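In: Please work out how this folds:
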Amino acid sequence: MLALGLIVADHRQHQLELVRTALALVVYPLQHMANQPATLVRETQERLASKDALRNANGMLHRENLLLKARLQQFHSLEAENIRLRDLLGSSLDLGERVLIAEIMAVDLAPYRQQVMVNKGTQSGVFIGQPVLDANAVMGQVIRTSRFSSIVLLITDADHALPVEVNRNGLRTIAAGTGLSEELELLYIAKNADIKADDLLVTSGMDGRFPAGYPVARVKTVRQDPDNPFTTVIAEPTARLDRSREVLLVWNLSETSRQQALAADAPKPWDDPEP
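Out: A predicted model of the protein is given here:
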């Protein structure tokens, strides 16, 4: 009867609100302590899941950023070409549609040799002579392949030369490696040539290997030597040759050209030794 009386009094007249509030205040610390283990487990699981998700998202965004930067590399060249050669713009800026991200596995530390090894090979379709870029500019080209790795000759290697042009006025020249990671030398620049410091050099496409319009280097110094019939021009590569960890392998050849190149490299029937 007492219990029924309390229920009726609480329900009808709300006489026990103060008592309920006081009891809840007393019991709350005990409830909080009892819930702590479950709360800690739940928060730990959420943090671990969040870290994994953030790590995966960060890796995905990094790769997307690398691809987008490569796509944007030709915009400066495109703007200059559009001003001076609007009617011939289409064919001179043929950007390869297929790219592959590879990681640098090893660096050749021999003096004046600028080569790196990447973790993609013939199994991924990599071929000799394939252009290699980072997120900023041209890095080099593939010179040797195996099934799971390839050797890339950097543009600063003493054995490498690349046809380039001055983006500002279209002046063509050859950028030769010096064996130093921060220097390229421009060959056969006439004394009266229009070239100056900070000019951007881009691939000219004259070699048929690198698509036209990719950034290569910026002119650092221009020096006139009385004993030299040509102007001495030193440029600094815009690619991060000594810091990049990931590179882009670019397919710029048409499928027909690739098939022709593969056919030309294949052994001929009359080359086979007799049984």
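
In: Three-state assignment for I128, please.
Out: coil (DSSP: H, G, I helix; E, B strand; the rest coil).

In: Is there a neighbour count for it? I'd like the number.
Out: 14 (other Cβ atoms under 10 Å). No exception for glycine: its C-beta is placed from N, CA and C like everyone else's.

In: now the one 5 residues further on
Out: Under the neighbour criterion other Cβ under 10 Å, L133 is assigned a count of 24.

In: In contact with it, which residues?
Out: L133 makes contact with 70, 73, 139, 214, 239, 247-248, 250, according to Cβ atoms under 8 Å, 6 or more residues apart in numbering.

In: Tell me the one of the residues you listed nearest P163?
Out: Y214 (11.6 Å; Cβ to Cβ).

In: Please name the bridge partners of the closest residue to the closest one other than its chain neighbours.
Out: Leaving aside its sequence neighbours, Y214 sits nearest to T203 (Cβ to Cβ, 6 or more residues apart in numbering; 4.5 Å). Going by DSSP bridges, T203 is paired in beta bridges with V164.

In: which of the contacts of L133 has the most neighbours?
Out: Top of these by neighbour count (other Cβ under 10 Å): Y214, with 27 neighbours.

In: Next, find the distance separating it from V233.
Out: 19 Å (Cβ to Cβ, to the nearest Å).

In: Would you confirm that V126 contacts I151?
Out: No. Look at V126 against I151 with Cβ atoms under 8 Å: they stay out of range, at 10.4 Å.

In: intersection of neighbour lists for these two?
Out: 142, 145.

In: and the two? which has more neighbours close in?
Out: It is V126, of V126 and I151, that has more neighbours when counted by other Cβ under 10 Å, with 23 against 18.

In: Distance of that one relative to R144?
Out: 10 Å.

In: do the same with R42
Out: 54 Å.
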